[in-house]
Every structure is written in C-alpha cells, then in structure tokens.
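[1] Give me a 3D structure for the following:
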Amino acid sequence: MARRPHPKKLLVEGDEDKRVVPELIEAHGIPWGENSDEWIVEISQCDGFENVVKPGAIETELKVSGREALGIIADANSDAERRWESVRNRCLRSFPDLPKDLPAGGLIHENAEGLKLGVWLMPDNQSRGMMETFLTYLVPDHGDVLLGHAESACDGARALGAPSSCLCRTVRTFAGCSMALPLDVGEPISSGRQSRQVSYLDHALRTRSAGIPPAVRRTAFQQPLRQVSYLDRALRAS
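    Model (predicted):
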C-alpha cells in the first residue's frame, strides 16, 4: 500500500541541509519525531538550487493531494534578490499576491484555499551567504577557538589536496553544529530519522572545547534567535 504524502513538505538544496535542519529545530526545543509518521515535516533534498526552481518542481509539490504547507530553504549565495525572484515565479500561480521583495524575517504566506508557503534564504533573506553563514551566527563567544580549529583543519586538508568546495562546506557545517547544538562529546544525535553517533571529525572538533563547562554548551541555544524562530514558524505553519 502506497504511503500517503506528508501534508507538510520542505525542499532544501542538498543532503547537508537535510541533516542540519532537524538538528536546529530539536535544539530549539521542538521534538522532530522518531519516525516518518511523527516528523513535523518531510524534507526532500533537490541536489542544488537549479532543481528546486526547475519548471514543474514547486508547482507539482503545491498540487499534492492533502498538502497543507510547503517550505523552501535555499542559500542566497551572491544574490538573494534573484533567487527569491526565481522561487516567487514558480509559486505565483498558487500564490498570486506574493510580495515582490522577500521579507527580512522570511516568508509565511497563505492563499485563499488555506495552503501555506514558507520561504527562507540562508543566511537571513537579505545578505550574501549560505547555510554555513547562518551556522556561524549561532557560534557563542566561547566557540571562537573551535571555529578557528575547524578552519585550520580545513586549510591543512586543502594543502594535502582535498577539494576546496566540498571540504570547506563539510568542515564548517560540522563545526557550526558542534558549537551550536546542546550535545556532549559522543552523545547520540536523534533527528527523527535514526539515532546516529557523532562523526569522527565532529568528535575530534568537540574535544577541543572540552574545557568549556557542559552547562555553558547546553545553554548555547537559550539566547533569543530570531532567525531560528521564524524558520520554526515556517516549518510548523498549519
């Protein structure tokens, strides 16, 4: 028997985004769910922004039977305005009154049929950047040493011939998550898909901050985070 589509769907660019978003949501105090029936939203990675906005992709998702909300998270890269224009054009048939400019706090929009659309361009809907830029916003003051270590490790691996684009993105994502998420070294991470152990690289990065009191690490996310709050609202819109 075919599984019914989840009423709430989130489109992201790649696998790293798909892994990071649940961790951010859970770190913000929202249970993600232990299996697909409990997930607050189903995430699909599209292998790049071009596939997010390719003809028919968004339009098809908006027409899925039982769909209540569609969320889109993508990197602004060098031109947030142009990327929003691309997303907006794909949504206009279902949401004809979308604003010309993406709101600074992200978009949560509902049409006459009650269907909701949420859009967030990393890092803050206005600036150049990507998911990793957003993660660096979450780095507390005591995490600067760890970030520096991650960047040094990236530089060292690059000197040995590692591909720059893949290496920098991966290391900075791990570094950002290990500094921002309230976890101790080696603690299993549960993101609603399957519990998994912290990767060797992440574990190594975490040990560099062993001198930071656990209570400090656990409270890293208790500061007001407007960006995460808006992102959470978009995902949970119902």
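[2] Any regions of this protein where pLDDT drops low?
    Applying pLDDT under 70 to the chain picks out residues 1-2, 141-144, 163-238.
[3] can you rerun that using 90?
    The chain contains residues with pLDDT under 90 at 1-5, 16, 19, 23-30, 32-38, 131-238.
[4] how far away is residue 131 from residue 69?
    21 Å (C-beta to C-beta, to the nearest Å). For glycine as for every other residue, the C-beta is placed from the backbone atoms N, C-alpha and C.
[5] burial measure for residue 149, as a count.
    By the criterion of other C-beta atoms under 10 Å, residue 149 has 17 neighbours.
[6] show me where this protein has helices.
    15-27, 49-52, 57-62, 80-91, 131-137, 144-159, 164-180, 200-207, 214-218, 226-236 (DSSP state H).
[7] Can you give me the buried ones in the shortest one?
    Neighbour-count burial for helix 49-52, with 16 or more other C-beta atoms under 10 Å as criterion, is recorded at 49, 52.
[8] which strands and helices sit next to it?
    Counting contacts by 3 or more C-beta pairs under 8 Å, 6 or more residues apart in numbering; DSSP states H and E, helix 49-52 is packed against strand 69-75, helix 80-91.
[9] what residues does it touch?
    With C-beta atoms under 8 Å, 6 or more residues apart in numbering as the test, helix 49-52 has contacts from 11, 13, 46, 57-58, 72, 74-75, 77, 83, 86-87.
[10] at 6 Å what do you get?
    Applying C-beta atoms under 6 Å, 6 or more residues apart in numbering, the contact partners of helix 49-52 are 11, 13, 46, 74.
[11] Which residues are in contact with residue 26?
    Contacts of residue 26 by C-beta under 6 Å, 6+ apart are residue 32.
[12] Kindly report the same for the one 4 residues further on.
    With C-beta under 6 Å, 6+ apart as the criterion, no residue contacts residue 30.
[13] Tell me the spacing between it and residue 58.
    Taking C-beta to C-beta, one finds residue 30 at 25 Å from residue 58.
[14] Just give me the neighbour total for the closest residue to residue 84 other than its chain neighbours.
    Spatial nearest neighbour of residue 84, chain neighbours left out: residue 102 (4.1 Å); criterion: C-beta to C-beta, 6 or more residues apart in numbering. The local packing of residue 102 (other C-beta under 10 Å) involves 22 other residues.
[15] ok, now residue 10?
    26.
[16] do the one 10 residues further on as well
    When counting by other C-beta under 10 Å, one arrives at 24 neighbours for residue 20.
[17] The one 4 residues further on now?
    Using other C-beta under 10 Å, residue 24 is surrounded by 26 other residues.
[18] measure it to residue 31 for me?
    Relative to residue 31, and taking C-beta to C-beta, residue 24 is found at 13 Å.
[19] Check residue 6 too.
    16 Å.
[20] out of those two, which sits in the more crowded spot?
    residue 6 (20 against 12).
[21] Hmm, the more buried one is touching residue 43, no?
    No: in this structure, residue 6 is not within contact of residue 43 by C-beta atoms under 6 Å, at 9.5 Å.
[22] I'm done for today, thanks for sticking with me.
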